[in-house]
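1. sequence first, then the predicted structure, then my questions.
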Amino acid sequence: MTEFLGTVFILIGLAFFAAGSIGLLRLPDLHSRLHALTKADNLGLGLICAGLALIDGGALNAVKLFLVWVLVLAASAASAHLIAQQALRQGGK
Amino acid sequence: MMAMQLWQLLDLLLAGLTLGLGWAAVSSPDLRRSVVFFIAFGLLLAVVWARLKAPDLALAEAAIGAGLSGALLLSALRDEPDTAMVGDVRVGPIAALISLASLALAAGFAWVTVHTLGSADPVRLADEITAQLPNSGVSNPVTAVLLNFRAYDTLLELAVLLAAVLGILALGPARRPYRAAGPLLDGLLRWLVPLLIVTAGYLLWAGAHAPGGAFQAGAMLAAAAVMLRLGGHTSAGLPRAPIQRILLTAGIAAFVLVGVTTTGLGLGFLQYPEGWSGALILLIEAAATLAIATTLALAYIGGRPTTWGPEKPANTAGEPAERD
C-alpha cells in the first residue's frame, strides 16, 4: 500500500518536473521562466522525495531525503533571487 | 527481468546523454555555454560512477569535476570579456583524418575492453585487497588502497597538488573579488558554510568505513571557501598567510613525518606499526583534508591573496566591503 502511494507521489512529482521544463522552454522572458522552474521543480522534488521515503520506509532515510529537499529549496530560492536581481540590474530580460 | 531491462534503458540513456553533453561542451561556439554543458556533463558522469557502484569516485567527480572545476571555469570566464570562440573553426582534411583515426582507436579500445572484461580468468587485485583489508586499519577498500597499500602514491599526489598551487601563486595577484552579498545570499551563507564544514568532517570520518575520505572532505571545505568568496569575503575564509603556508604543506608534512618515524622504528617507509594503522590513517587524512581544501580555495582565488605580499590587486572595481 505504501509502495503504491509512494509511486503515485513520484509520478505526480515527475508531472511537476515536466511542467517546469515545458515552462522553461515555452515562457517568454527570464522572470517567468525562473518562476516556472523554481516553483514547479521544487514541488516536484518534494513529492519525489516523499514518494521515495514512503517506498523506503526507513525513518533515517526519510530524514535524509527531507534534508535534501530543504537544501535544494534554500539553494534554488537563493539562486533564483540572484539571477533575477542580476537581470534587473542589467535591465535585460 | 523487467527491472533488468529498465536499468539497461536507464544506462543507455545515461551513456547517450553523457556523450551528447560531452560533445556539446567541446563543440559549442559560445564559451559560457560550453562551461554550463561541462558542469552538466560532470554531474552526469557522477551518476555514471554511482551506477558503476563506485560511490567514492561519484562523490569526487560531483564535488571536484563538476562543482569546483565548474566554479574555476566560470570565474575564468568572468575575466574573459569576449566569450565567443575566436577565429574560424573550419575542419581541415588533416584534422578530419586525425579525428577519424582517434575515433577508430577509441572504438578498437572499447572492443578490446569489452572482450577482456568478459574473458575467463583475469588477474584481479580486488581479491588481494579484500583478503588484506582486515590488516589495513580501515574497512573501506578505497581508503585502504589510498592510504595504506599505496600510500606512497597518495603522498606523491599531494606533492603534485602542492606544485600546482605554487604555480597558481606564482601567476601573480588574486583575481578581483566579488561585491558583498545581499541579505539573501548572506543568509544562505550563514546556513550553508557551517553545514559544509560539518559535512566535510563527516566525510573525513566516514572515509574509514564508507565512501568518503580526504579528497571529498577537502573538496567540501573548498566549496565553503568558494561560497564565501562569491559572497564577497575577499579571503574566502582562509586564515592569515603564515597559517595558509602551513596548511598547504600539512598533508605532505604529516605523510613524511609518519613515514620517517616508521623508518626510524625499523619498519618500511609508511609501513604502519601493527594496531596503529587506523589512527595514523586518520591523522594523515585530516592533515591532507586541510591541505587539499587550502589548495583548491587558493586555486579558486586564482593567485596570491593580497595578504601574502605587498602587491596590490590588479583592479579592484567597486571596492568590495571587507567583512571578515
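-> On my side now, so go ahead. Given the structure is predicted, the values throughout are model-derived calculations rather than measurements.
2. any idea which helix or strand carries B:A210?
-> Following DSSP states H and E, there is no helix or strand that holds B:A210.
3. measure the nearest residue to it once chain neighbours are set aside to chain A for me?
-> Closest residue to B:A210 apart from its sequence neighbours, by CB to CB, 6 or more residues apart in numbering or on different chains: B:N140 at 6.0 Å. From N, CA and C alone the C-beta is placed, and that goes for glycine too. Counting by CB to the nearest CB, to the nearest Å, the separation of B:N140 from chain A is 20 Å.
4. isn't B:N140 right up against B:H209?
-> Yes: using CB atoms under 8 Å, B:N140 is in contact with B:H209, at 5.4 Å.
5. quick check: residues of chain A near chain B?
-> Counting by CB under 8 Å from any CB of the partner chain, chain A comes close to chain B at A:71, A:74-75, A:77-78, A:81-82, A:85.
6. quick one: which of those is most hemmed in?
-> For the residues of chain A next to chain B, the largest number of neighbours (other CB atoms under 10 Å in any protein chain shown) sits with A:A78, at 20 neighbours.
7. which positions in the longest helix seen in chain A come out as buried?
-> The longest helix of chain A (DSSP state H) is helix A:59-90. Using 16 or more other CB atoms under 10 Å in any protein chain shown as the test for burial, helix A:59-90 gives A:62, A:65, A:69, A:76, A:78, A:80-83.
8. so how far is B:F38 from the nearest residue in space to B:E80 that is not next to it in sequence?
-> In space, and not counting its chain neighbours, B:E80 is closest to B:L31: 7.1 Å by CB to CB, 6+ apart. Distance of B:L31 to B:F38, computed by CB to CB, to the nearest Å: 10 Å.
9. gap between the residue in chain A that chain B sits nearest to and B:V35?
-> For chain A and chain B, the shortest gap (CB to the nearest CB) falls at A:A78, measuring 4.4 Å. Using CB to CB, A:A78 is found at 21 Å from B:V35.
10. what's the neighbour count on the residue nearest to B:A210?
-> Per other CB under 10 Å, the neighbour tally for B:N140 reads 20.
11. how about A:G57?
-> 11.
12. now do stretch B:133-153: distance from first to last residue.
-> End-to-end distance of stretch B:133-153 (CA to CA, to the nearest Å): 18 Å.
13. so which bits of it are buried?
-> B:133, B:136-138, B:140-149, B:151.
14. same check on stretch B:252-271?
-> B:252, B:254-256, B:258-259, B:262, B:270.
15. widest-spaced pair of these?
-> Spanning the widest gap among these are B:I252 and B:T262, at 15.7 Å by CB to CB.
16. could you list the low-pLDDT ranges of the chain?
-> In the absence of a named chain, chain A is used. Scanning chain A for pLDDT under 70 picks out the ranges A:92-93.
17. wrong one, I was asking about chain B
-> For chain B, the ranges with pLDDT under 70 are B:1-3, B:81-91, B:118-123, B:307-324.
18. quick check: closest non-adjacent residue to the residue in it positioned nearest to chain A.
-> With CB to the nearest CB, the shortest gap between chain B and chain A falls at B:L188, namely 4.4 Å. In space, and not counting its chain neighbours, B:L188 is closest to A:A78: 4.4 Å by CB to CB, 6+ apart.
19. residues touching the one you found, list them.
-> Counting by CB atoms under 8 Å, 6 or more residues apart in numbering or on different chains, A:A78 makes contact with B:184-185, B:188.
20. run the last query once more with 10 Å
-> Counting by CB atoms under 10 Å, 6 or more residues apart in numbering or on different chains, A:A78 touches B:181-182, B:184-189, B:191-192.
21. export stretch B:276-284 as PDB, just CAs?
-> This file holds the C-alpha atoms of stretch B:276-284, laid out as PDB (Å, rounded to 0.1, in the frame of the first residue of the first chain):
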ATOM      1  CA  TRP B 276      48.300   1.900  14.700                       C
ATOM      2  CA  SER B 277      47.100   1.900  11.100                       C
ATOM      3  CA  GLY B 278      43.600   3.300  11.800                       C
ATOM      4  CA  ALA B 279      44.800   6.200  13.900                       C
ATOM      5  CA  LEU B 280      47.700   7.100  11.600                       C
ATOM      6  CA  ILE B 281      45.500   7.000   8.500                       C
ATOM      7  CA  LEU B 282      43.000   9.400  10.200                       C
ATOM      8  CA  LEU B 283      45.900  11.700  11.200                       C
ATOM      9  CA  ILE B 284      47.300  11.800   7.700                       C
END
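22. from the chain's centre, how far out does stretch B:4-16 sit?
-> 27 Å (CA atoms, centre = their mean, to the nearest Å).
23. ok, now stretch B:16-26?
-> The chain centre lies 21 Å from the centre of stretch B:16-26; the measure is CA atoms, centre = their mean.
24. what's the answer for stretch B:230-240, then?
-> Using CA atoms, centre = their mean, the mean C-alpha position of stretch B:230-240 is found 20 Å from that of the whole chain.
25. before we move on, what about stretch B:207-222?
-> For stretch B:207-222 - counting by CA atoms, centre = their mean - the centre lies 10 Å from the chain centre.
26. buried set for that stretch?
-> Those would be B:207-208, B:210-222, for stretch B:207-222 by 16+ other CB under 10 Å.
27. straight-line length of stretch B:141-156, end to end?
-> From start residue to end residue, stretch B:141-156 stretches across 20 Å - CA to CA.
28. re earlier: B:L31 and B:F38 - which one has more neighbours?
-> More neighbours surround B:F38 than the other of B:L31 and B:F38, with 22 against 17 (other CB under 10 Å).
29. contacts only, for the more buried one.
-> B:21-22, B:24-26, B:28, B:65-66, B:69-70, B:73-74.
30. can you lay out these as JSON lines showing secondary structure?
-> Below are those laid out as JSON lines (DSSP: H, G, I helix; E, B strand; the rest coil):
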{"residue": "B:L21", "secondary structure": "helix"}
{"residue": "B:G22", "secondary structure": "helix"}
{"residue": "B:A24", "secondary structure": "helix"}
{"residue": "B:A25", "secondary structure": "helix"}
{"residue": "B:V26", "secondary structure": "helix"}
{"residue": "B:S28", "secondary structure": "coil"}
{"residue": "B:G65", "secondary structure": "helix"}
{"residue": "B:A66", "secondary structure": "helix"}
{"residue": "B:S69", "secondary structure": "helix"}
{"residue": "B:G70", "secondary structure": "helix"}
{"residue": "B:L73", "secondary structure": "helix"}
{"residue": "B:L74", "secondary structure": "helix"}
